[in-house]
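> Here is the input, now give the coordinates:
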Amino acid sequence: MFTANFETDNINNIGNSISSIKNNDSINNSNNINNNNNNNNNFNSSSLNGSHYNNNNNNSIININNNNISNNNINNNINNNNNFNNNINNNINNNNNHNNNSNNINNNYNNYNNNNFEQYIYLFCGNDHNDINSLYRFNIKNKSIEKMQFKNKNQREFGTFRGSLFSISSTRESIYITNGKSCLKYCLNSEKTKLITNGQWDNTMYRSTFYDKINDHIYLIGGLLNDQLQQSIYRWNIRTGEYIKYAKTNGPILEAQLCYSAQENSIYMLGGWISDKDYNQQIDCFNITDRTVTTIYKFDKKQTLFSHSCYVPKNHSLYIYKWKINQFLRFDIKTKTIHPLASCLKKTNFSRLLFDGDDSIYLPSNSSIFEYRCSTNSWSENQINIDHKYLYTTHRF
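Take a look at the predicted model:
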């Protein structure tokens, strides 16, 4: 596996370190104490009995001095052993803190997994990338669709939607669409738009973004700046506005598909372009905690562009749709194996796979929203009668 490390101070396996100390150093310290105790007992049985204080023999002074030295050695070893025990306790405390942090992530994941099921799919529509003027909401429970109020008064300042296919992230309250130096925020409750700018942002287009619901961050990955592919990973705190360069990918890339695993606190990246002619042929895992990107799989043969993918935690798998050949696959992350699945009812162009948190994966198209059931390996079609040419989608967490 190939790994790109942004920082070297990764979390060490403290538990193994403690086991190593216990199995080796503690034995040595115990043996030293026992040996010194034996030496002290030998001194007590021989030197005291053999000392001739009444005769004022100089050997008695030597024995007394040796006894003092031996006692000092015992005290030193006891002190060393106490220090050693303190070090073990400190390491155990550090390990407990590490385990507590892991438990916090798991607890947050369980809360997310139990309380957060997708309710809506949002579809930004229009007849031109520069004129996305409609927004629809599809209810995944009753399969109904409704038009929402969407007046993009900031169209001129925000610019084109081109390059924003994978740059749309949603929270419970809002939808964020990033584009170069600006971000269009749409409030789901008030149905109003707001333009967000940040002096630290550059003019990178075609980024891939994902919302980390546990830590309230949006990650912005790769993209195109001054005709050069990028490999930086930025982290944006949507509450405080903090924007930092957080990590980097294994190589320059744009429009990669991002699949978030809350349980692992990781983002899986696949597909996208690595040059103006070649597309990405590997699957990478971005570990948010330790800021590393690791290649976990490379395809043997040149594959078509993956434009659709999502993560399903129940079977720890990535679901991948190859739109050019209408092929649907499941990649098992644990076994690193690929399993062919039933093909979609119709070939659909650029869109996104959207997992509902339960059993269904949705694939929106220009005329329908296709639904795949993981438990039955089957597709169904939900027709939507809306007039549009270009489609940008996201879903509500």
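> low pLDDT regions in the stretch 101-250 of the chain?
101-118, 155 (pLDDT under 70).
> again, only using 90
The model of the stretch 101-250 of the chain has pLDDT under 90 over residues 101-119, 123-135, 149-167, 172, 179-182, 197-200, 212-216.
> now the strands for it?
Listed in chain order, the strands of the stretch 101-250 of the chain (DSSP state E, counting those that start in this stretch) span 120-126, 132-139, 145-148, 168-170, 174-179, 182-187, 192-197, 208-212, 217-221, 224-225, 228-229, 232-237, 243-248.
> Now do the helices in the chain.
Along the chain, counting by DSSP state H, helices occupy 14-50, 58-115, 155-158.
> Comparing the ones you listed, which yields the minimum mean pLDDT?
When these are compared on average pLDDT, helix 14-50 comes out lowest at a mean of 37.
> Without its sequence neighbours, what residue ends up closest to residue 242?
residue 236 (7.3 Å; C-beta to C-beta, 6 or more residues apart in numbering). (Glycine included, C-beta is placed from N, CA and C.)
> Identify the bridge partners of the one you found.
As for beta bridges, residue 236 partners with residue 218, residue 243 under DSSP bridges.
> show me what contacts it?
198, 217, 218, 219, 220, 242, 243 (C-beta atoms under 8 Å, 6 or more residues apart in numbering).
> Kindly confirm whether my reading is correct that the fifth one touches residue 178.
It refers to residue 220. Yes: contact criterion C-beta atoms under 8 Å: residue 220 and residue 178 qualify, at 6.4 Å.
> Between those two, which has more neighbouring residues?
residue 178 (27 against 24; other C-beta atoms under 10 Å).
> what's the distance between that one and residue 241?
According to C-beta to C-beta, to the nearest Å, residue 178 and residue 241 sit 14 Å apart.
> Same check on residue 284?
For residue 284 relative to residue 241 (C-beta to C-beta), the value is 28 Å.
> likewise residue 251?
Taken as C-beta to C-beta, the span from residue 251 to residue 241 is 29 Å.
> who has more neighbours, the two?
Of the pair residue 251 and residue 241, residue 251 is the one with more neighbours under other C-beta under 10 Å, namely 17 against 10.
> Next one: the closest residue to residue 328 other than its chain neighbours relative to residue 180, how far apart?
The shortest distance from residue 328 to any non-neighbouring residue, by C-beta to C-beta, 6+ apart, is to residue 341 (4.5 Å). Going from residue 341 to residue 180 by C-beta to C-beta gives 37 Å.
> for residue 240, same thing?
22 Å.
> Looking only at neighbour counts, state which of those two leads.
The neighbour count for residue 240 versus residue 180, taken as other C-beta under 10 Å, is higher for residue 180 (21 against 9).
> Show me where the stretch 251-397 of the chain dips below the pLDDT cut-off.
Looking at the stretch 251-397 of the chain by pLDDT under 90, you get 255, 262-263, 271-273, 275-281, 299-308, 322-325, 347-352, 365-367, 384-397.
> try it again with 70
For the stretch 251-397 of the chain, the ranges with pLDDT under 70 are 303-306, 350, 396-397.
> Which stretches in it count as strands?
Going by DSSP E, counting those that start in this stretch, the stretch 251-397 of the chain shows strands at 257-261, 266-270, 282-287, 292-298, 308-312, 317-322, 327-332, 337-340, 354-355, 360-364, 368-373, 378-383, 390-395.
> If we go by neighbour counts, what in the fifth one is buried?
Along strand 308-312, these residues count as buried under the neighbour rule (16 or more other C-beta atoms under 10 Å): 308, 309, 310, 311, 312.
> Name whatever forms a beta bridge with the third one.
Note on residue 310: beta-bridge partners by DSSP bridges are residue 319.
> thinking it is in contact with residue 258, fair?
No: with contacts counted by C-beta under 8 Å, residue 310 stays clear of residue 258, the gap being 9.6 Å.
> Share the number of residues neighbouring residue 351, please.
Residue 351 - counted by other C-beta under 10 Å - has 22 other residues nearby.
> oh sorry, the question was meant for residue 170
Neighbours of residue 170 using other C-beta under 10 Å come to 22.
> Skipping its backbone neighbours, what lies nearest it in space?
residue 394 (4.7 Å).
> Could you pull up the residues touching the one you found?
So residue 394 contacts 121, 122, 168, 169, 170, 175, 352, 354 (C-beta under 8 Å, 6+ apart).
> So what sits opposite the first one in the bridge?
Right, residue 121. With DSSP bridges as the rule, residue 121 is bridged to residue 138, residue 395.
> what number of residues lie near it?
Applying other C-beta under 10 Å, we find 24 other residues in the vicinity of residue 121.
> so it makes contact with residue 365?
No: Residue 121 lies out of contact with residue 365 (C-beta under 8 Å); the separation is 11.8 Å.
> Next one: the residue lying closest to residue 134 once chain neighbours are set aside relative to residue 175, how far apart?
Spatial nearest neighbour of residue 134, chain neighbours left out: residue 125 (4.4 Å); criterion: C-beta to C-beta, 6+ apart. For residue 125, the distance to residue 175 equals 14 Å [C-beta to C-beta].
> Could you do residue 349 as well?
22 Å.
> between those two, who's got more neighbours?
residue 175 (22 against 11).
> Is the residue lying closest to the more buried one once chain neighbours are set aside bridged to anything, and to what?
Leaving aside its sequence neighbours, residue 175 sits nearest to residue 186 (C-beta to C-beta, 6+ apart; 4.5 Å). Beta-bridge partners of residue 186, counted by DSSP bridges, are residue 175, residue 193.
> No further questions, thank you.
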